[in-house]
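Colleague: coordinates for the following, if possible.
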Amino acid sequence: MPSIGAGSVDIRSIFSTILNAIKTRANQICASTCDGLVLRMHYRWTFCLLFGGFLTVWYSWYHRDVITCVSHFNAETQVRMDYINICLSYPYVEDNGSRRYILFYRWISWTLLVLSWIYYIPRKVSKSLDNARCKKLLEDLASNAHRFDQVEEQLVERTARYLIFNLKTHNGLYWKFLGVNILSLIVDLFAMQFLDFILQGRFIPYGIKAYPFERDPRTFSDYMSQAFPPFASCELNNVNQLVNKRTEKFGCHLTIMELYEKLFLGLWVWLILLILITSCYIIFLLTMWLPCMKAYMLRTAKPVHSADKVRSVIQKVSMNCKIGDIYLLYRIKGHLSHVRFYELMMRLADPSLCKAVPQPVPSAIPEGKDKIPPNKQQDNTLRARRPQQDPPINPEYLQQYLNNPEMVGRHPQHPDQRTPLLKKNTSILIE
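Modeller: Model (predicted):
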């Protein structure tokens, strides 16, 4: 932690702590299925650029003079602080006989802070759309990518079993990844329009009109000085109720305008490059449906011991896989060697994969209406353990049995004879 004591701050300790945090975050394995280099350029690189710009401007505002104003009545002394507070918010320049108020001068740092958090939105969306199993698979491949022993062979076996069992079920990954990249492009276009609105319509053409970046230090007629004028005027009249119903004009020097013009020029160049890269990457993802693009994405070096051509293997894999499977194979390709990836594609090129249907595992417990509750199962078990009881005797059959002498002769030990014997034995014992 940075050491703070006795009114002094160890700046080197602060910067080392921040740098170590950034390094630790950057060195983490990025194996998310809905993440990639283009998205990291948004939520990591652009976020750091905007947040660093905010800290730079914020530091300048609190550690240096941001405005210097003098009155034409007395140009040797600084004007009152309450006057300067108004001039910070409402400075203006004369533009073709009309006034153009520079309303962004005081609040531009908070604009950069808001944009930095807007650029982190694609990261939150990609995390919510991630597939846990595919992410775990890619993490295992990435963490063991440097191995060349039996571990790599085991990883290929596990990857092949996962892909074969979950074949043609990864289209959602492709559409989610495409949607997150489109969202990133929307964020870029929004940032361009938002900054153009803040800078009063001078940000979108800023880099083009400022070229070849020649400055006019005498009249400040160049485009960069017009967009960020270093000198401006400020007027107080009876509306402000601070100058005793008189009108007074001040001449002001906006010192941080020299920082603004360079900061926004770099930001303009970066956003233009980011929009072009993101647009080209979205077009690349949309062309993944074409057979030639699939062959390009899955192309690998042919091993020496292989007999089949790589192009024929890729065609067989394309017949067995859908666009989501092709996308996942493209992600897996970056973590395997050419030989192991070729071996994986040979496993997926089997024509019998299209006909193979995984059989459901039989369930020992019935489902739906036939499912027996646990308490009923226990009752049935207890009933099975009870001794069997004699069925009840029909009275009509018993009457016919007693009235028929032949039946009584054949079966002298009929049920009714057991009672007299019991009574006789009982009487003997009593006697």
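Colleague: for the stretch 1-150 of the chain, give me the ranges with low pLDDT.
Modeller: 1-12, 14-31, 74-76, 145, 147-150 (pLDDT under 70).
Colleague: and the strands in it?
Modeller: 4-5, 8-9, 67-71, 92-95, 98-101 (DSSP state E, counting those that start in this stretch).
Colleague: give the contact list for Tyr327.
Modeller: The neighbourhood of Tyr327, defined by C-beta atoms under 8 Å, 6 or more residues apart in numbering, consists of His170, Leu173, Tyr174, Phe177, Met288. Using the backbone N, CA and C atoms, a C-beta is placed for each residue, glycine as well.
Colleague: on that earlier part again, from the strands of the stretch 1-150 of the chain, which stretch is densest packed?
Modeller: Comparing the strands of the stretch 1-150 of the chain by mean neighbour count (mean count of other C-beta atoms under 10 Å), strand 67-71 ranks first with a mean of 18.
Colleague: strand partners of it, parallel vs antiparallel please.
Modeller: Under the criterion DSSP bridges, strand 67-71 sits next to strand 248-254 (antiparallel) in its sheet.
Colleague: which strands and helices sit next to the very next helix or strand once past the partner strand?
Modeller: Past strand 248-254, further along toward the C-terminus, the next helix or strand under DSSP states H and E is helix 257-286. Applying 3 or more C-beta pairs under 8 Å, 6 or more residues apart in numbering; DSSP states H and E, we find helix 257-286 packed against helix 37-40, helix 47-63, helix 171-198, helix 206-210, helix 223-227.
Colleague: kindly recompute the last result at 10 Å.
Modeller: Helix 257-286 sits against helix 37-40, helix 47-63, helix 108-118, helix 171-198, helix 206-210, helix 223-227, helix 291-297, with contacts defined as 3 or more C-beta pairs under 10 Å, 6 or more residues apart in numbering; DSSP states H and E.
Colleague: for Asp35, which non-adjacent residue is closest in space?
Modeller: Counting by C-beta to C-beta, 6 or more residues apart in numbering, the nearest residue to Asp35 once its immediate chain neighbours are dropped is Ser126, at 5.4 Å.
Colleague: now do Ile323
Modeller: Closest residue to Ile323 in three dimensions, ignoring its sequence neighbours and counting by C-beta to C-beta, 6+ apart: Tyr174, at 5.3 Å.
Colleague: okay, which residue is most central for this structure?
Modeller: In the chain, the C-alpha closest to the average C-alpha coordinate belongs to Ser126, at a distance of 1.6 Å (C-alpha atoms, centre = their mean).
Colleague: residue contacts, it?
Modeller: By C-beta atoms under 10 Å, 6 or more residues apart in numbering, the contact set of Ser126 is 32-36, 39, 43, 176-177, 179-181, 183-184.
Colleague: before we move on, what about Pro205?
Modeller: Residues near Pro205 by C-beta under 10 Å, 6+ apart: Asp196, Tyr223, Ala227, Trp268.
Colleague: ok, 6 Å please
Modeller: With contact set as C-beta atoms under 6 Å, 6 or more residues apart in numbering, Pro205 has no partners.
Colleague: and what of Glu152?
Modeller: Arg340.
Colleague: equivalent analysis for the one 3 residues further on, please.
Modeller: Leu155 sits next to Leu141, Asn144 when contact means C-beta under 6 Å, 6+ apart.
Colleague: repeat that for 10 Å
Modeller: By C-beta under 10 Å, 6+ apart, the neighbours of Leu155 are Leu137, Asp140, Leu141, Ser143, Asn144, Ala145, Arg147, Ile332, His335, Leu336, Arg340, Leu344.
Colleague: in the strand or helix carrying the last one, what counts as buried?
Modeller: Read it as Leu344. Assessed by DSSP H and E, Leu344 sits inside helix 338-348. By 16 or more other C-beta atoms under 10 Å, the buried positions in helix 338-348 come out as Val339, Arg340, Phe341, Tyr342, Glu343, Leu344, Met345, Met346, Arg347, Leu348.
Colleague: quickly name whichever of those residues is closest to Val57.
Modeller: Phe341 (48.0 Å; C-beta to C-beta).
Colleague: could you check the pLDDT of that closest one?
Modeller: Reading off the per-residue confidence, Phe341 sits at a pLDDT of 83.
Colleague: do the same with Trp175
Modeller: Reported pLDDT at Trp175 in the predicted model: 92.
Colleague: could you find the closest non-adjacent residue to it?
Modeller: Gly324 (7.9 Å).
Colleague: sticking with that neighbour, tell me its helix or strand.
Modeller: Gly324 is part of helix 323-333, with elements assigned from DSSP H and E.
Colleague: buried stuff in that helix?
Modeller: Under 16+ other C-beta under 10 Å, the buried positions of helix 323-333 are Ile323, Gly324, Asp325, Ile326, Tyr327, Leu328, Leu329, Arg331, Ile332, Lys333.
Colleague: so what's the third one closest to, chain neighbours aside?
Modeller: Right, the one you point to is Asp325. Counting by C-beta to C-beta, 6+ apart, Asp325 lies nearest to His170, which is 5.2 Å off, once chain neighbours are set aside.
Colleague: hmm, Ile323 and the one you found touching each other?
Modeller: Yes. At 8.4 Å, His170 and Ile323 qualify as touching, with contact defined as C-beta atoms under 10 Å.
Colleague: from Val317, how far off is the residue nearest to Ile323?
Modeller: Distance, Tyr174 to Val317, by C-beta to C-beta, to the nearest Å: 16 Å.
Colleague: and the two most separated of the buried residues of helix 338-348?
Modeller: Pairwise distances across the buried residues of helix 338-348 peak at 15.4 Å for Val339 and Leu348 (criterion: C-beta to C-beta).
Colleague: do you know the pLDDT at Tyr211?
Modeller: pLDDT, Tyr211: 85.
Colleague: now do the same contact list for it.
Modeller: With contacts defined as C-beta under 10 Å, 6+ apart, the neighbours of Tyr211 are Tyr223.
Colleague: swap in Phe231?
Modeller: Phe231 sits next to Pro91, Val93, Phe220, Ser225, Gly251, Cys252, His253, Leu254, Met257 when contact means C-beta under 10 Å, 6+ apart.
Colleague: ok, now with 6 Å
Modeller: Phe231 touches His253, counting by C-beta under 6 Å, 6+ apart.
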